[in-house]
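A.B. asks: Predicted model and sequence below, questions to follow.
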Amino acid sequence: MGKTIFITGAGSGLGRGAALGLAKQGHRVIATTEITSQKTDLMREVRERGLDIEVFKLDIQMNVIEQELIIMILIYLL
């Protein structure tokens with residue numbers, strides 16, 4: 001069994017590639033993106049490939065969001 005990995009900026013570019021690549025290697029990925037359309041596209045690709053990625057729309061620069069993120073991660077891992 002792989003590790004659980006948290007990736008920000010997973011909606012495009014290196015973040016998206018890392019999320020998909022690590023999930024293909026058997027890791028469980030928690031991915032975030034700020035843009036709704038990127039979240040939707042990534043979720044569709046995850047479903048099509050049958051990968052273990054949870055995708056959240058999230059702006060990690062906001063203090064309240066950071067706190068909620070920690071709670072979501074803990075709930076997801078428990």
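C.D. replies: Received it, and whenever you're ready, just let me know what you need.
A.B. asks: Pull the number of nearby residues for T33.
C.D. replies: T33: 26 surrounding residues under other Cβ atoms under 10 Å. Backbone N, C-alpha and C define where each C-beta goes, glycine included.
A.B. asks: which residue packs closest to it, ignoring adjacent ones?
C.D. replies: G11 (3.0 Å; Cβ to Cβ, 6 or more residues apart in numbering).
A.B. asks: Surely that neighbour is in contact with M43?
C.D. replies: No - G11 is beyond contact range of M43, at 10.4 Å (criterion: Cβ atoms under 8 Å).
A.B. asks: what helix or strand is the spatially most central residue of the chain on?
C.D. replies: Nearest residue to the geometric centre of the chain (Cα atoms, centre = their mean): A31, 1.0 Å. Per DSSP states H and E, A31 falls inside strand 28-33.
A.B. asks: And that strand, what does it pack against?
C.D. replies: strand 4-7, helix 13-24, helix 36-49, strand 53-57, helix 63-77 (3 or more Cβ pairs under 8 Å, 6 or more residues apart in numbering; DSSP states H and E).
A.B. asks: Any buried residues in the third one, and which?
C.D. replies: Which is helix 36-49. Q38, K39, D41, L42, V46 (16 or more other Cβ atoms under 10 Å).
A.B. asks: so what pLDDT did the first one get?
C.D. replies: In this case it means Q38. Note for Q38: predicted pLDDT of 94.
A.B. asks: follow-up on the earlier one: out of the buried residues of helix 36-49, which comes closest to F56?
C.D. replies: K39 (7.6 Å; Cβ to Cβ).
A.B. asks: Contact partners for that closest one?
C.D. replies: G11, T33, V55, F56, K57 (Cβ atoms under 8 Å, 6 or more residues apart in numbering).
A.B. asks: Drop the exposed ones from the residues you listed and show what's left.
C.D. replies: G11, T33, V55, F56.
A.B. asks: give me the beta-bridge partners of the second one?
C.D. replies: Counting by DSSP bridges, T33 is bridged to K57.
A.B. asks: Quick check: it vs G26, distance?
C.D. replies: 22 Å (Cβ to Cβ, to the nearest Å).
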